[in-house]
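[1] need the 3D shape of this:
(one chain, ligands or ions: 1)
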Amino acid sequence: MASREQPSQGMTGLGGGRHHWPVTLRHGPVILAPLRHRDRAAWERVRRENASWLRPWEATLPPGSQIGPSTYAGLVRSVSRQAREGRMLPWLVYYEEESNRSKPRLAGQLTVSGIVGGSASWGQIGYWIDQRLAGRGIIPTAVALAVDYCFKVMSLHRIEIAIRPENTKSLRVVAKLGFRPEGLRPRYLHIDGDWRDHLVFALNAEEVPEGLLQRWENLRQR
Ligand SMILES: CC(C)(COP(=O)(O)OP(=O)(O)OC[C@H]1O[C@@H](n2cnc3c(N)ncnc32)[C@H](O)[C@@H]1OP(=O)(O)O)[C@@H](O)C(=O)NCCC(=O)NCCS
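    Numbers count the residues shown, from 1 in each chain. Okay, here's the model as predicted:
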């Protein structure tokens, strides 16, 4: 089941729910925990070890665009401020291996970004996982946890995931979770050094009244 950390700061969620950051969510061995200063060494190591696995799918800055935070500390400051304001949910994904229950391992990252309220009330999810932990259903579980938080606590109405047509592994994630395909957006995001076409998938809150985690668990048990 999902659980929430003791809130240190609070605000009214964009759609009227109660959103407090930092937020930690958990289901079985999968944990979503806020990106923090103390994760720096582990985060840099996993990113370095997975550089070639991640490169084709990594967001890059188009020429002439404003440069974002250049250090890990700057990144944490920037995303934490946006998280407190309810504009972003910057989580690290941890995984508790059976052989080492007491020490969850940094497995990847999941970010809900571009959150806006009002008549839009939507956000977009991005994610990656350490190649050594791929294929265990960790990211689908993490996506389900995040989507349920966005719909139930932040009262968002729509969550979108954009995927390059070549990314067959990520396409499996949205297919298994039952995201609705919405078609191709030409040259939609700047990825791996150029503007890349993306297929867009979405879920609206009323499409998963039982919650996405419940739907995912039902599918897995079949
Ligand atoms: C896409 C990604 C996040 C999926 O995460 P995951 O936790 O492995 O998700 P799943 O366990 O559901 O596996 C998804 C698919 O990966 C493939 N897969 C299975 N085992 C695998 C392994 N050992 N290694 C690599 N891929 C594997 C399968 O096609 C699987 O689909 P299936 O369950 O129908 O067989 C992960 O592959 C990844 O980080 N890729 C690089 C970064 C990226 O693409 N990010 C997303 C950008 S939109």
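[2] I'd like the distance between residue 51 and the ligand.
    Using CB to the nearest ligand atom, to the nearest Å, we find residue 51 at a distance of 11 Å from the ligand. C-beta: built from backbone N, CA, C; applies to glycine.
[3] what is the neighbour count of that residue?
    The burial count assigned to residue 51 is 9, neighbours taken as other CB atoms under 10 Å.
[4] burial of whichever residue of the chain sits closest to the ligand, as a residue count?
    Residue of the chain nearest the ligand, by CB to the nearest ligand atom: residue 135 (2.2 Å). By the criterion of other CB under 10 Å, residue 135 has 11 neighbours.
[5] can you confirm it is in a helix?
    No - Residue 135 is assigned coil when assessed by DSSP: H, G, I helix; E, B strand; the rest coil, not a helix.
[6] quick check, pLDDT for it.
    You'll see residue 135 listed with a pLDDT of 98.
[7] what of residue 100?
    For residue 100, the predicted pLDDT is 85.
[8] tell me the secondary structure at the residue of the chain positioned farthest from its centre.
    Largest separation from the mean C-alpha position in the chain: residue 64, at 27.0 Å (CA atoms, centre = their mean). Three-state assignment for residue 64 (three-state DSSP): coil.
[9] so what's the residue lying closest to residue 67 once chain neighbours are set aside up against?
    Spatial nearest neighbour of residue 67, chain neighbours left out: residue 61 (6.9 Å); criterion: CB to CB, 6 or more residues apart in numbering. Residue 61 makes contact with 67, 68, 190, according to CB atoms under 8 Å, 6 or more residues apart in numbering.
[10] among those, which are in strands?
    Those of the contacts of residue 61 mapping onto strands are residue 190, per DSSP state E.
[11] ok, of the contacts of residue 61, which come out buried?
    Buried residues within the contacts of residue 61, counting neighbours by 16 or more other CB atoms under 10 Å: residue 190.
[12] got the buried residues for the host helix or strand of residue 107?
    According to DSSP states H and E, residue 107 maps onto strand 105-116. Within strand 105-116, the residues scored as buried using 16+ other CB under 10 Å are 105, 106, 107, 108, 109, 110, 111, 112, 115.
[13] need the residues you listed in TSV with pLDDT, can you?
    Listed next are the buried residues of strand 105-116 as TSV, based on pLDDT from 0 to 100:
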residue	pLDDT
105	96
106	98
107	98
108	98
109	98
110	98
111	98
112	98
115	98
